[in-house]
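S.K.: quick check, what structure comes out for this input:
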Amino acid sequence: MKKTISYDKLWKKLIDKKWNRTKLKEESGISTASLAKLGKNANITTDVLVKICNALECDFSEIMEMVEVAETTDKNATEQK
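M.R.: Prediction:
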């Protein structure tokens, strides 16, 4: 199984603190682009993660985790080779 990063823990933490994404952006100093990447579970720099953890007074493990994703196979592409 392939693994990827999930920021679901971050969104739950924001709900617990009664913060929205705008509040996170303002308090942490991250860019709108970084916030958009977080929403897509895309890769972001550790610098951004440190800013978020400092704003939320938490550790990386409290805002992100590795999750397994099912690998998809395209049967048509394999059969045509």
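
S.K.: show me the shaky parts of this protein.
M.R.: Scanning the chain for pLDDT under 70 picks out 73-81.

S.K.: for the protein, which segments count as strands?
M.R.: Using DSSP state E, the strands assigned to the chain run over residues 2-6, 65-69.

S.K.: packing partners for the last one?
M.R.: Which is strand 65-69. When contacts are defined as 3 or more CB pairs under 8 Å, 6 or more residues apart in numbering; DSSP states H and E, strand 65-69 sits against strand 2-6. In this view, the C-beta of every residue, glycine as well, is placed from N, C-alpha and C.

S.K.: quick one on the thing from earlier: between the strands of the chain, which gets nearest to D16?
M.R.: Closest of the strands of the chain to D16 is strand 65-69, at 16.2 Å (criterion: CB to CB).

S.K.: quick one: that closest one to strand 2-6, angle?
M.R.: Taking axes from the mean of the first three to the mean of the last three CA atoms, to 10 degrees, one finds strand 65-69 and strand 2-6 inclined to each other by 140 degrees.
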